[in-house]
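J.: requesting a structural model of the entry that follows:
(2 chains)
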Amino acid sequence: MSTQLPALTSRLAAEELARSKGEPNWLIKLRGEAAELAGELNWPKPEKVRIDRWNLTAVGSYEQPTPVSALTELPEVVRELVAEGTENLLIQRNSGVVWKQISSELAAKGVIFTDLETASNEHGELVQQYLNKAVEMNEDKLTALHGATWNGGVFVYVPKNVEVELPLQAILYNDNGAASFAPHILIVADTNSRVTYVDCAVSAEGANAEPFVHSSVVEIFVNSGAKVRFGSIHHLAGNGIDMSVRRAIIENDGRMEWIIGDLNEGNTVSDTKSVLKGRGSESDAKVISVGNNTQQMSLTTQAVHFGKSSDSNMVTRAVMKDSASAIINGVTKIEHGATKANGVQTEKVLMLSPKARGDANPILLIDEDDVTAGHAASVGQVNPEQVYYLMSRGITKADAERHIIYGFLAPVVSEIPVETVREQLQKVLERKLEG
Amino acid sequence: MATHFVIDGLKAEIEGKEILKGINLEIKGGEIHAIMGPNGTGKSTLASALMGHPKYEVTEGSASINGEDLLEMEVDERARAGLFLAMQYPSEIPGVTNSDFLRSALNARREEGNEISLIKFIRQMEGKMKELEMNPEFAHRYLNEGFSGGEKKRNEILQMMLLDPKIVVLDEIDSGLDIDALRIVANGVNAMRSEERGFLIITHYQRLLNYIKPDFVHVMMQGRIVKSGGPELAERLENEGYDWVKEELGIVDETVGQA
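T.: Reported below is the predicted structural model:
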């Protein structure tokens, strides 16, 4: 059963829930403010996608999480994602975290890897310093509602000069459409630190056809000289609506890498943005998507340059099947004063069906003269010359096309840092492309 | 059975324009035939029409390997029947590694469940790459992407060596090759000479034929084979050019289908 919006926009109800979960006072207050904002603000309006027709209020009710004592208690869809032998793993089920572990080695170095609810209590000052600072609650109804309802979530803090060698992994899954599922992921990489984080958002298939909304916000703070690699695969079932906002703020000489697979079965809005605040900051974003059936998507990547000599690169590749539609926006914005900045973006769409729709919209907004910027966008079909070439070596037409389609997505697939996740991604692609 | 490749009265057109005006040619296993001629006379069209390029339409005639009619087959079936075309401009396929591609091509010739083992495949591929003096790194590069002209040609020969075809058509394999690369490519071809295999070498320079000795040389003009002979014909063409052939046959414009 989906909760009616009025209940969610009540300051009192939001504060009451937060109090019952044992959240600290500062957070209880934020919850109340967010709920009130949610009542006042409007939904975001992505270009050419009528999300006002989506069931965005199916946000569910809070479900008390039940921690598991062993990974074997978790369903197959979760277990097959777990990196072999990992000691740094966090699992959220519906409204809360049910499993978390961090290696003693990382803990000894001062690395924090826990759920955001726990972090709010145990590292309140640190969390308050960053929470909602990249994605503000008052941006629109989506961010406000998320501020009021987020649950579980992930908090990563890497202290100065600490390099985390192995990837941190999170799995966020939903198997109850009636439960609120709203992870908030907050990653702070302090000066000259390094970290790789990979997550997967999945949901039980067919088990529950009740519509649900996955409201997810990712905030990443890349401090001076730090480097963050963030990989994320979303593969929610068709009854889910994925509303994901991802944002990084990058300080002097910091580097941010996004590797994103927006591969849901249902409707999706995703907005992945790097704010290149510092001098010499860098961002590299790679996004792939496959649209099938009747799903609708709005996929946006953005790079906003404030820092001098900052550098951004964005690549989005989408394969569109059946009657799916995707509006793909790339926004490179260079602010006045960001001299010697360089921003490059490419959007490519491969159309496999005449009924599918794929719009690639490269947008360059430049308020500074002394910069370089470039964009390339293409929408096309599988190249018949390439098919001919592969077939001339004896490969069947179907296999030739498969090679070309997978090859089109390969630049992102090969970048996924965790092998088991990469293998699962391959399976998801097979299911979406050949199912 | 020794290979027997027959082209009989082949006519083909592109976008409604007839380019091949009736080609007759017979190649037996062990033979090397060269087709020479100036640009625009239909040489590459012959190669593409035989392989089944979607832009070319065969309007008349036949082509068969050991009695099997190639023109009735899809492109991939022609390849599996034993036809190999080393292309003048091989496609670049981003995201598909050379080794994945080669393995798929080999496995396409094998029964399902009887795929070549990875170890055996790698050993074969690396062996052939060594013969062609190719950097082993090319196995992991995306297929032809960012390859120089010479690297692409070497990669075509690598495919030929691994796929073991019955009839090999080399379309301008010598273009864009420096003398060292030409020697390596020619060695690759010569190593593949056998009674089981026939070659059709398309070129407009005699240079390549110093390295790969043809048994028969044909001159193509106006979409037809207008003159045939032995290796001495190639030498005369190199020394004297094509004008004497045109004069002999009363041809003014040797090209075909040009706008």
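J.: domain ranges for chain A, per the record?
T.: Here chain A is described, according to automatic domain parsing, as comprising the domains A:45-382, A:383-435.
J.: briefly note if the shortest one comes near chain B.
T.: Yes - Domain A:383-435 comes into contact with chain B when judged by CB under 8 Å from any CB of the partner chain, the residues involved being A:383-386, A:388-397, A:399-400, A:403-404, A:406-411. C-beta coordinates here come from the backbone N, C-alpha and C atoms, glycine included.
J.: again with the longest one
T.: No - counting by CB under 8 Å from any CB, chain B is not contacted by domain A:45-382; separation bottoms out at 9.4 Å.
J.: now do that domain, average pLDDT.
T.: On average, the pLDDT along domain A:45-382 is 95.
J.: which residues does A:Ile220 bridge with?
T.: Each beta-bridge partner of A:Ile220 is listed here: A:Ile187, A:Ala248, as defined by DSSP bridges.
J.: settle this for me: it is touching A:Arg247, isn't it.
T.: Yes - counting by CB atoms under 8 Å, A:Ile220 sits close enough to A:Arg247 to count as a contact (7.1 Å).
J.: quick one, helices of the stretch 251-400 of chain A?
T.: Remark: helices assigned in the stretch 251-400 of chain A by DSSP state H, counting those that start in this stretch are A:384-391, A:397-413.
J.: could I get the shortest one in CSV with only the CA atoms?
T.: Looking back up the chat, that one is helix A:384-391. This file holds the C-alpha atoms of helix A:384-391, laid out as CSV (Å, rounded to 0.1, in the frame of the first residue of the first chain):
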residue,chain,number,x,y,z
PRO,A,384,25.6,-2.5,-41.8
GLU,A,385,29.2,-2.3,-42.9
GLN,A,386,30.3,-3.6,-39.5
VAL,A,387,27.8,-6.4,-39.6
TYR,A,388,29.0,-7.3,-43.1
TYR,A,389,32.6,-7.4,-42.0
LEU,A,390,31.9,-9.7,-39.1
MET,A,391,29.7,-11.9,-41.2
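J.: before we move on, the earlier item: and the domains of chain A, which is most packed in?
T.: Per residue and on average, the most neighbours among the domains of chain A fall to domain A:45-382, with a mean of 20 (mean count of other CB atoms under 10 Å in any protein chain shown).
J.: how far does that one stretch from start to finish?
T.: Domain A:45-382 has an end-to-end distance of 32 Å (criterion: CA to CA, to the nearest Å).
J.: point me to the residue of chain A nearest chain B.
T.: Chain B sits closest to A:Gly407 of chain A, with a gap of 2.7 Å, by CB to the nearest CB.
J.: tally of neighbours for the nearest residue to that residue once chain neighbours are set aside?
T.: Residue nearest to A:Gly407 in three dimensions, not counting chain neighbours: B:Gly95, with 2.7 Å by CB to CB, 6 or more residues apart in numbering or on different chains. Burial measure for B:Gly95: 21 neighbouring residues, criterion other CB atoms under 10 Å in any protein chain shown.
J.: ok, the one 3 residues further on next?
T.: The burial count assigned to B:Asn98 is 24, neighbours taken as other CB under 10 Å.
J.: my read is that it contacts B:Pro136, right?
T.: No - taking contacts as CB under 8 Å, B:Asn98 lies outside contact range of B:Pro136: 10.6 Å.
J.: just how off-centre is stretch B:113-124 within its chain?
T.: Computed by CA atoms, centre = their mean, to the nearest Å, the chain-centroid distance of stretch B:113-124 equals 26 Å.
J.: circling back: residues of the helix or strand hosting the residue nearest to A:Gly407 that come out buried?
T.: Assigned by DSSP states H and E, B:Gly95 belongs to strand B:93-97. Neighbour counts using 16 or more other CB atoms under 10 Å in any protein chain shown place B:Ile93, B:Gly95, B:Val96, B:Thr97 of strand B:93-97 among the buried residues.
J.: and for stretch B:25-33?
T.: By neighbour count with 16+ other CB under 10 Å, stretch B:25-33 contains the buried residues B:Leu25, B:Ile27, B:Gly29, B:Glu31, B:Ile32, B:His33.
J.: what is the nearest of those residues to chain A?
T.: Out of the buried residues of stretch B:25-33, the one with the shortest distance to chain A is B:Ile27. That distance is 18.6 Å, counting by CB to the nearest CB.
J.: for that closest one, which three-state class applies?
T.: strand (DSSP: H, G, I helix; E, B strand; the rest coil).
J.: please tell me how far the closest residue to it other than its chain neighbours sits from chain A.
T.: Setting aside the residues directly before and after it, B:Ile27 is nearest to B:Gly198 in space (CB to CB, 6+ apart), at 3.9 Å. If you measure B:Gly198 against chain A using CB to the nearest CB, to the nearest Å, the figure is 18 Å.
J.: B:Gly198 pairs with what?
T.: As assigned using DSSP bridges, the partners bridged with B:Gly198 are B:Ile167.
J.: is it true that it touches B:Glu26?
T.: No - with contact defined as CB under 8 Å, B:Gly198 does not reach B:Glu26; the gap is 9.4 Å.
J.: shared neighbours of the two, anything?
T.: Common neighbours of B:Gly198 and B:Glu26, using CB atoms under 8 Å, 6 or more residues apart in numbering or on different chains, are B:Phe5.
J.: so what touches whatever helix or strand A:Ala119 lives in?
T.: Applying DSSP H and E as the criterion places A:Ala119 in helix A:116-122. Among residues not part of helix A:116-122, those counted as contacts by CB under 8 Å, 6+ apart are A:21-24, A:27, A:96-97, A:112, A:114, A:126-127, A:131, A:150-155, A:157, A:183-186.
J.: distance from it to the middle of the chain?
T.: In terms of CA atoms, centre = their mean, the gap separating the centre of helix A:116-122 from the centre of its chain is 21 Å.
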